[in-house]
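Peer 1: need a structure here:
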Amino acid sequence: MQGGIADHTAYLARHLAPLGVGSSILISRRWKGGEDARTRGREENSSPHRLIASPPPVFASLPNWGWRCWPEVVQFLKAFQPDILHIQYQAAAFDLGGWVNWLPWFLKKRGLTTRIVTTFHDLRVPYIFPKAGVFRWKSMLALARHSDAVICTNREDLEQLSMANSQWPIVNGQSQRDASQSLISSAPLPPRSHAPLLTLIPLGSNVEPQPPPDFERAAWRKKYQVDQNTVLLAYFGFLNESKGGEELIEALALLRHQGIDARLLLIGGDVGHADPTNAAYAQRVQALIERHDLGQVVYRTGYTDLPEVSANLLAAEAVVMPYRDGVSFRRTTLIAALRHGCPVVSTMPANPALLPEIRPGENMLLAPPRDATALAHTIKRLVNEPELRHKLAAGAKQLGDLFEWDKIAGQTADLYQMLIENDVNTV
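Peer 2: The predicted structure follows:
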């Protein structure tokens, strides 16, 4: 599958295996595509690449993500009796419906003893039905409340959920008042109470810096008609409403109007499998490219292999990710750019105190959200200050080191073990 949820699931399973944690993947039938996913021998990942690995068993047996998935999940759990059911949640990945949000409640009502862990990849609420209103947020709280443990991937979401219910204990994470601590903490996990545990475990990179063996930067850049006098900007990931694609195109047009030979490389597919709104937004971005007559300087890689993604990131002067809701570590494509040591231009977060690791001017440049003029001015700093590019590249690499998959898998395995041992101790 194409998308961040697929990436995260594939990488997590791969890194849990050496820790003695066996995984199976339970998904809906639509992704089977007539081919048995258990025999494919590969995991297909987010927008641009494929991760070649020995995949865990994939059971594409759920009819859909409506209420009919409930009895099918019950049947699966009774048949295989896993210790942990780990829900990788993002509303768009479940068709923006709300049925999976109440799945933990249903499983508890049926008396199943499988421990439930939910990772909130973000807190975007499901659509559910027209005028659902406050019920959308209540469905998110229900998913958290009836889980045994909740993993937030960033401090913004951790703070929001902890404020929603102050009685939920926070472990292995920090709230706003102590956000200056390390993003990944090694603090011991306390025994589980009746309330769900809230914990902070970050997302990892969906692409590691591993270009093709014969990669040579200057030769690779020539594919895009780029030389030493050209500025190659890169954007990585799907285009959707929250990621500022329109501001990116407007900024490119402004730079070229100022006489800067800037070009843009769009790395990855346009749409993906999760969010149905991506297609319409990608069309709007394309219309803007045509309006500014930028078709000859905007390049699209399409969905491609991991080494090529890595090479494309390394070939650029900067990776520009102008999120409309501000920079956040819930963006795995951002983490990939950091892991590659790419100079990054993004947008100011709503609450900088929750991202103390980001030091503007040292490991990232930040512009105001939804402001193409300011974005162009910020990018121009990289053009005029080569020493700043080198400084940001070193700072980005150091920041990217925080998001190592071995640490992420280790914390996840510790959480699983704590839940299992707590059950044994209470029998």
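Peer 1: got the end-to-end distance for stretch 342-353?
Peer 2: 23 Å (Cα to Cα, to the nearest Å).
Peer 1: may I see the buried residues of stretch 378-394?
Peer 2: Of all the residues in stretch 378-394, those buried under the rule 16 or more other Cβ atoms under 10 Å are Thr378, Ile379, Lys380, Arg381, Leu382, Val383, Leu388, Arg389, Leu392, Ala393. (C-beta placed from N, C-alpha, C; glycine too.)
Peer 1: wait, the fifth one touches Ala316, no?
Peer 2: So that's Leu382. No: assessed by Cβ atoms under 8 Å, Leu382 is found out of contact with Ala316, at 10.6 Å.
Peer 1: now the strands for the stretch 151-300 of the chain?
Peer 2: Listed from the start of the chain, the stretch 151-300 of the chain has strands (DSSP state E, counting those that start in this stretch) covering 170-171, 197-200, 231-236, 262-267, 298-302.
Peer 1: just so I know, which of those strands lies nearest Ile408?
Peer 2: Smallest distance to Ile408 across the strands of the stretch 151-300 of the chain (Cβ to Cβ): 11.0 Å, for strand 197-200.
Peer 1: in that closest one, what's buried?
Peer 2: In strand 197-200, counting by 16+ other Cβ under 10 Å, buried: Leu197, Leu198, Thr199, Leu200.
Peer 1: closest one of those to Asp122?
Peer 2: Nearest member of these to Asp122, counting by Cβ to Cβ, is Leu200, at 14.0 Å.
Peer 1: could you list which of the buried residues of stretch 378-394 belong to helices?
Peer 2: Counting by DSSP state H, the part of the buried residues of stretch 378-394 found in helices is Thr378, Ile379, Lys380, Arg381, Leu382, Val383, Leu388, Arg389, Leu392, Ala393.
Peer 1: any chance of CSV for those residues, columns pLDDT?
Peer 2: Listed next are these as CSV, based on pLDDT from 0 to 100:
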residue, pLDDT
Thr378, 98
Ile379, 97
Lys380, 96
Arg381, 95
Leu382, 92
Val383, 90
Leu388, 97
Arg389, 95
Leu392, 98
Ala393, 97
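Peer 1: buried ones in the helix or strand where Tyr416 lies?
Peer 2: Element membership for Tyr416, per DSSP states H and E: helix 405-426. Within helix 405-426, the residues scored as buried using 16+ other Cβ under 10 Å are 405, 407-419, 422.
Peer 1: next: stretch 7-18.
Peer 2: Quick answer for stretch 7-18 (16+ other Cβ under 10 Å): Asp7, His8, Thr9, Ala10, Tyr11, Leu12, Ala13, Arg14, His15, Leu16.
Peer 1: again, but for stretch 217-227
Peer 2: For stretch 217-227, the neighbour count (16+ other Cβ under 10 Å) marks Trp220, Arg221, Tyr224, Val226 as buried.
Peer 1: just for the stretch 151-300 of the chain, where's the confidence low?
Peer 2: 166-167, 172-194, 270-278 (pLDDT under 70).
Peer 1: all helices for it, in order.
Peer 2: With DSSP state H, counting those that start in this stretch, the ranges of helices along the stretch 151-300 of the chain come out as 155-164, 217-222, 245-257, 278-291.
Peer 1: export the ones you listed to a markdown table and tack on distance to Pro349?
Peer 2: Compiled in a markdown table, these are given as follows (distance: least, Cβ to Cβ, whole Å):
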| stretch | distance to Pro349 |
| --- | --- |
| helix 155-164 | 8 |
| helix 217-222 | 31 |
| helix 245-257 | 16 |
| helix 278-291 | 22 |
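Peer 1: ok, which of those comes nearest Phe59?
Peer 2: Per Cβ to Cβ, nearest to Phe59 of the helices of the stretch 151-300 of the chain: helix 278-291, 26.5 Å.
Peer 1: gap between Ala394 and Met364?
Peer 2: For Ala394, the distance to Met364 (Cβ to Cβ, to the nearest Å) stands at 12 Å.
Peer 1: actually Asp122, sorry about that
Peer 2: Separation of Asp122 from Met364 (Cβ to Cβ): 20 Å.
Peer 1: next: Thr119.
Peer 2: Taken as Cβ to Cβ, the span from Thr119 to Met364 is 25 Å.
Peer 1: thought Leu123 was touching Glu159?
Peer 2: No: judged on Cβ under 8 Å, Leu123 makes no contact with Glu159 at a distance of 10.5 Å.
Peer 1: neighbour count for those two, which is higher?
Peer 2: Neighbour totals were compared for Leu123 and Glu159, and Glu159 leads with 22 against 19 (other Cβ atoms under 10 Å).
Peer 1: measure stretch 218-226 end to end?
Peer 2: First residue to last in stretch 218-226 (Cα to Cα) measures 8 Å.
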